[in-house]
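1. Sequence and predicted structure below; questions after.
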2 protein chains.
Amino acid sequence: MIQSEKPTIMDIARMSGLSKGTVDRVLHNRGEVSKKSYDKVMAVIKELGYEPNVFASALARGVSPRIAVLIPLHGPGSFWELALKGISKASGTVGPLGVETELFEYNPSDAASFQDACNRLIDSSPSGVVVAPMFGPGTQMLTAELRSRSIPYVFFDTKQDEDGYLAYYGLPEYKSGYLCADQLTVDRSASEVLVVRVKRDPFRQSDPTVIRRAGFLDYMNEHYPDCIVRSLFIDPDDPVRTDQELDYFFEAFPGTTHVAMFNSRIYLIVPWLERHPAQIRRVVGFDNLTANMNALARGTVSALIAQHPDEQVAMGIQALFDYIVLGKKPARRDNFMHMDILTRYNIEYY
Amino acid sequence: MIQSEKPTIMDIARMSGLSKGTVDRVLHNRGEVSKKSYDKVMAVIKELGYEPNVFASALARGVSPRIAVLIPLHGPGSFWELALKGISKASGTVGPLGVETELFEYNPSDAASFQDACNRLIDSSPSGVVVAPMFGPGTQMLTAELRSRSIPYVFFDTKQDEDGYLAYYGLPEYKSGYLCADQLTVDRSASEVLVVRVKRDPFRQSDPTVIRRAGFLDYMNEHYPDCIVRSLFIDPDDPVRTDQELDYFFEAFPGTTHVAMFNSRIYLIVPWLERHPAQIRRVVGFDNLTANMNALARGTVSALIAQHPDEQVAMGIQALFDYIVLGKKPARRDNFMHMDILTRYNIEYY
DNA sequence: TTTGATTCCGTGCACGGTAACGGAAAAAAT
DNA sequence: ATTTTTTCCGTTACCGTGCACGGAATCAAA
């Protein structure tokens, strides 16, 4: 065997005095091999540093994994649409390698719709699943089913508390709140702060913003204990009402100079902010939605904290590919991804 | 042919009444095919939407691309060491697919050493090359040779002014200077600013910091025209002298409250800064070197602008892989990558 | 000793594509 | 009309693994 050539399964067979069939059985722990032969083969494998040829392997197995992605129905320019970009992003990487992705959507305010999407997903019998767990019990039923069919799945955005997932990709939520506070107060002039919150969707089980808020408040207590933090709830579906609420609030607390939000919907208050440009010094929100980015470019929003759900989805698909096609588990199961600070001067290349 | 099955080269052969040898010749423009047959095959290919199986193709061709990376010798914790991380990063993605990388290093202050590295690289006849062009003429000779051997190459960090490269991955330098100024002045209290500069290496042909400085100064002129910007040159190899220079400077200009640097060596002035914590309000530098990150974590440095050379290298290797193995050119030739703002509160997950 | 079950292993084809080889058919030269 | 060249195309042997199938060997049961 020539040095530069990589050892093949046949080399192993020859050197261990056995046939490639036996080597193959050893490689895949498929049994029907005596301990003696097993040890012999393993020794040779280790000696030669054998690594299987993934191309030949994939070809022989005839793999063409179909990966299902389960996310809520999304309007244009929403958070979930960002996540969708991750699919095409991943397609660019693993698409040429034969991976296909299929999208399953559900109405986030309708548990039955979620069930329906789950059923359709299961019926399609994908080779892997990417899902953002929003309905706790519903997701648990889904993952139980996936486990029983030994279909690997990864979480993104939110992590489900269980043990069967292949990987999780998301943000360190508490830290992101902390970071948000730091970005808000970086001009060191904050004395009265407004936190705008959205009436919580009763169907949604997990709400990352409560943890973000905790991080935010802890930062404020530690660094600006004298700063007053007030909350205002708005209705995301009623812009007129939102404007009124903001009017009332700033009438009552005219000293407010800094505004933050913990979800992706800072764009909801942008119209009001742009009609009252004088008073507000800094505005910080989350996520690089188009509407948010535009407000950032105009200077209405000072900074956005981006969690890049597209990257999370892409990483998830990549992890599934590595597992299904290459037989490789991800290095870490829980992957907390970077939080990017976006300002008007660095958004151009995102 | 069953619907769900992907068409193979044999399907095409059957449907066009020819053999798979002819189809293969058409697919690779290898000639020896009559126009009539060529058109027929192309029509069938289009009709069936044929896509080659990359696994089978790679297996048959026996590809195992060796990608050479050419970068300067680097001390631990330097900018170029970051770039190196991109190699292992890319190995994680394309390594299992049979890609090997080889590193060629040279002494950046010795043109002969660069020549030597180039020769060794050429002699190894790699399938692709990743290089950061520092010596203009030297790099041009290298790329000319690569072109004549039709070996594809990509640039990162700096772009060479020519037309043969497959892709370029780097930072928008001017914008990065602009961003740097914005981060430095985000507390709106800057009136006297110090820019610390390093004596330029005479061997290095391209210096991105001059463009960064232009962006920085433009921002300052536009937003803080009354702010005074002063420069101080230091010797990177003489820390004692550096400290003295800083002492002299701050004696002469005690009103200086903000400090910036445009290269990756902000860590050089960290010792002085930490001995004089009272005066300086904000410090901004470039690149996530370990030393810089530590200073950031301690709060000595306020923000770092990271260009992530590891990602650039990884993207470069990926592009070469896509081109060599999958036969796919990158979507864009010039890729300006995101600039990340790093503060002490978001560095943990980088 | 024969029969049966069990354990273990080798053979051979398939996966889809590549490219060398040789030969038939058509065109050109004699 | 025959030879030579050129053009074109089919055949075939791989590439390295996966896996079904059948058979040899071993051991226990009759």
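-> Ah, there it is. Numbering: from 1, shown residues only, chains lettered A, B, ... in the order given.
2. The host helix or strand of A:D39 vs DNA strand C: in contact?
-> When elements are assigned from DSSP states H and E, A:D39 belongs to helix A:35-48. Yes. Judged by CB under 7 Å from any atom of the strand, helix A:35-48 comes into contact with DNA strand C at A:K35, A:K36, A:S37, A:Y38. C-beta here means a position set from N, CA and C on the backbone, and glycine is covered the same way.
3. Quick check: next helix or strand after that helix?
-> helix A:54-61.
4. Quickly find the element holding A:A295.
-> helix A:290-298.
5. Not counting its own residues, what contacts that helix?
-> With CB atoms under 8 Å, 6 or more residues apart in numbering or on different chains as the test, helix A:290-298 has contacts from A:77, A:264, A:266-267, A:270, A:273-274, A:285, A:301-304, A:342-344, A:347.
6. Of the residues of helix A:35-48 next to DNA strand C, select the buried ones using a ChimeraX command.
-> Listed next is the ChimeraX selection for buried residues among the residues of helix A:35-48 next to DNA strand C, using 16 or more other CB atoms under 10 Å in any protein chain shown:
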select /A:37
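7. What's the separation between the nearest residue to A:I211 once chain neighbours are set aside and A:A214?
-> In this structure, A:I211 finds its nearest non-sequential neighbour in A:E173, 4.0 Å apart by CB to CB, 6 or more residues apart in numbering or on different chains. Distance from A:E173 to A:A214, counting by CB to CB, to the nearest Å: 9 Å.
8. what do you get for A:L171?
-> 14 Å.
9. quick one: which of the two has more around it?
-> With other CB atoms under 10 Å in any protein chain shown as the criterion, A:L171 and A:A214 differ in neighbour count, and A:L171 comes out ahead with 26 against 14.
10. Report whether the expected contact of the more buried one with A:F336 is present.
-> Yes. Taking contacts as CB atoms under 8 Å, A:L171 lies within contact range of A:F336: 6.8 Å.
11. coming back round to it: any residue of the helix holding A:D39 up close to DNA strand D?
-> No. Applying CB under 7 Å from any atom of the strand, one finds helix A:35-48 out of contact with DNA strand D, separated by at least 10.4 Å.
12. Show me what that helix is in contact with.
-> A:7, A:11-12, A:15-18, A:22-23, A:26-27, A:33, A:50.
13. Go through it and flag the buried ones.
-> A:S37, A:K40, A:V41, A:V44, A:I45.
14. So which of those is the closest to DNA strand C?
-> Checking the buried residues of helix A:35-48 against DNA strand C by CB to the nearest atom of the strand gives A:S37 as the nearest, at 3.3 Å.
15. so what's that closest one scoring on pLDDT?
-> Note for A:S37: predicted pLDDT of 92.
16. can you check A:V130 too?
-> So A:V130 comes in at 97 (pLDDT).
17. ditto for the one 10 residues further on
-> If you check A:Q140, the pLDDT there is 92.
18. now that we're looking at it, how far away is chain B from it?
-> Note on A:Q140: its distance to chain B, by CB to the nearest CB, to the nearest Å, is 27 Å.
19. contacting residues around the closest residue in space to A:D226 that isn't next to it in sequence?
-> Nearest non-adjacent residue to A:D226, counting by CB to CB, 6+ apart: A:S191, 7.2 Å away. Contact partners of A:S191, counting by CB under 8 Å, 6+ apart, are A:D226, A:C227, A:I228, A:G255, A:T257.
20. between those residues, which is closest to A:P133?
-> Of all the contacts of A:S191, A:C227 has the smallest distance to A:P133: 34.9 Å, by CB to CB.
21. Just to check, that closest one is in contact with A:E192?
-> Yes. Using CB under 8 Å, A:C227 makes contact with A:E192 at a distance of 7.1 Å.
22. Kindly report the residues of chain A close to DNA strand C.
-> A:17-22, A:25, A:31-38, A:56, A:59-60, A:62.
23. again, only this time at 6 Å
-> A:L18, A:S19, A:K20, A:G21, A:T22, A:E32, A:V33, A:S34, A:S37, A:L59, A:A60, A:G62 (CB under 6 Å from any atom of the strand).
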